[in-house]
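Colleague: just coords:
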């Protein structure tokens, strides 16, 4: 029995749900999102709530997955998703230039990343990047792409990381010196 899959999703006013075959479509004030779910997971809307049920035991986990994806879609079309990235390092900075994010990350050249369709990037300061959009998957994937350009380095603390992320600092060689 899926505990997550059995929870109903409350559809806010202005949010509509539609299913054609395996494709679910959720439309809201911020836009429209589509996703394919398993055909053995049934959906129904009752009293402004979206319910997911499964037909056989093998699709139990897929019921929870479909419900979680639909919930992320509902939140995306009503409130939207955003992630804040922080750049730490001497001389490290970022700025948007048209449809590109241009970053100085300690390399001999500026790092340019193309901003995908459906994702909005702003830089409130030179060391902060805010990635926002209605699709949680696209926002998270673009943040991962930015982080991969200069991953967090635990010895000096340089690199790109998500704001609020738990970062571990390591001591280094000097800690091993001393007693013999």
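Modeller: Cool, the structure landed. Values in this document were obtained by computation on a predicted structure and should not be read as measured data.

Colleague: Which element, helix or strand, includes the residue positioned nearest the centre of the chain?
Modeller: Centroid-nearest residue in the chain, with C-alpha atoms, centre = their mean: residue 140, separated by 2.7 Å. In the assignment (DSSP states H and E), residue 140 maps to helix 136-149.

Colleague: Am I right that residue 117 sits in a strand?
Modeller: No: counting by DSSP: H, G, I helix; E, B strand; the rest coil, residue 117 falls outside a strand, being coil.

Colleague: can you give me the strands in this structure?
Modeller: Ranges of strands within the chain are 9-10, 16-20, 23-28, 31-36, 41-46, 49-54, 81-88, 93-97, 100-104, 111-114, 119-122, 128-133, 159-162, based on DSSP state E.

Colleague: Let's have those in CSV, adding mean pLDDT.
Modeller: Below are the strands of the chain laid out as CSV (pLDDT from 0 to 100):
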stretch, mean pLDDT
strand 9-10, 94
strand 16-20, 94
strand 23-28, 95
strand 31-36, 95
strand 41-46, 91
strand 49-54, 91
strand 81-88, 96
strand 93-97, 95
strand 100-104, 96
strand 111-114, 96
strand 119-122, 96
strand 128-133, 96
strand 159-162, 95
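
Colleague: Can you say which of those strands is nearest to residue 145?
Modeller: The closest of the strands of the chain to residue 145 is strand 111-114. By C-beta to C-beta, the value is 6.4 Å. For every residue, glycine as well, the C-beta is placed using N, CA and C.
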